[in-house]
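**Student:** Pasted the sequence and its predicted model underneath.
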Amino acid sequence: MSQALADAGARVVLTGRAEPRIRDAATRIDRGDQATGLVMDVRDEQSVAVGVDHARTILGGIDVLVNNAGIGMRTVNPDFMTEPIGFWRVSPDRFLDLLATNVFGYFLVARAVVPPMLEAGHGKIVNISVSETTMRRRGFTPYGPSRAATDSLSHIMAADLAGTGIDVNLLLPGGATRSGMTPDSAPEDMQATWLDPAIMGPPIVWLASRASDGITDQRIVATEFADRQTG
């Protein structure tokens, strides 16, 4: 998504908890002069406040927020794709850690970004989601519940911001996607069906553009967006 936005001419700030990883992510974007890596922990209110202020300074303001922070089932069960475990076997600490990133993190960053957007009278928030089947899948506690919660949060954000000029939408790939959340140990036939994360590029560019002004509280599936663009 960052690469696609940079290719479209946007200046992008990427955030993450580990400085080496976020610096590497920023340098891997071809248009490196348009991408900056910034250390920020979305679970920590002070870190978010400092990080958002820094991002506003770098960019001269924030027009678009893409809430994409997330940790997946690998932190709870490394073999979740092939050997799912029941919810009663999930560690309470792991459960809370995942929700702190996947739900509380979305809330904290949006909370910090919205007041300047309200002053400006415009802005866009894109909350990254997953397929609804993932929210109900066997062995997917607590990841499934965390994404159901962020979907609900996104709809409420859109309702709260209706009429302000700030659009809030959900975006999801539309299937299992090859990323750091998917285990390399998964069977090859399973991996063959995984989506290329680049599928998120066209819809995120559209959602960040003026072409989507006024479109809010939608749940956009990248696979369907790609079909619509080529159909």
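**Tutor:** Nice, thanks for sending it over. Numbering: from 1, shown residues only.
**Student:** All the helices of this protein, residue numbers only.
**Tutor:** In the chain, the helices defined using DSSP state H lie at 2-7, 19-27, 45-59, 92-99, 105-120, 132-135, 143-160, 188-191, 201-208, 222-230.
**Student:** what's the closest of those helices to P84?
**Tutor:** The closest approach between P84 and any of the helices of the chain, judged by CB to CB, belongs to helix 143-160 at 11.0 Å. Heads up, the C-betas are built off the backbone N, CA and C, glycines and all.
**Student:** what's that closest one packed up against?
**Tutor:** If contacts are counted by 3 or more CB pairs under 8 Å, 6 or more residues apart in numbering; DSSP states H and E, helix 143-160 sits against helix 92-99, helix 105-120, strand 123-128, helix 132-135, strand 166-172.
**Student:** who touches that helix?
**Tutor:** Outside helix 143-160, the residues that touch it by CB atoms under 8 Å, 6 or more residues apart in numbering are 67, 70, 72-73, 76, 98-99, 102-103, 106-107, 110, 125, 127, 129-130, 134-137, 167-170, 216-217, 219.
**Student:** Go ahead and flag the most central residue of this structure.
**Tutor:** Note on the chain: the residue nearest the mean C-alpha position is N68, at 1.7 Å, using CA atoms, centre = their mean.
**Student:** In this structure that residue contacts S2, no?
**Tutor:** No - N68 is beyond contact range of S2, at 9.2 Å (criterion: CB atoms under 8 Å).
**Student:** for this structure, where's the lowest mean pLDDT among helices and strands?
**Tutor:** helix 188-191 (a mean of 59; mean pLDDT, DSSP states H and E).
**Student:** Can you list the low-confidence ranges for the chain?
**Tutor:** 32, 175-194, 226-231 (pLDDT under 70).
**Student:** how many neighbours does the spatially closest residue to T164 that is not a sequence neighbour have?
**Tutor:** The shortest distance from T164 to any non-neighbouring residue, by CB to CB, 6 or more residues apart in numbering, is to L118 (6.0 Å). Using other CB atoms under 10 Å, L118 has 14 other residues around it.
**Student:** who touches the residue nearest to the centre of the chain in this structure?
**Tutor:** M1, I128.
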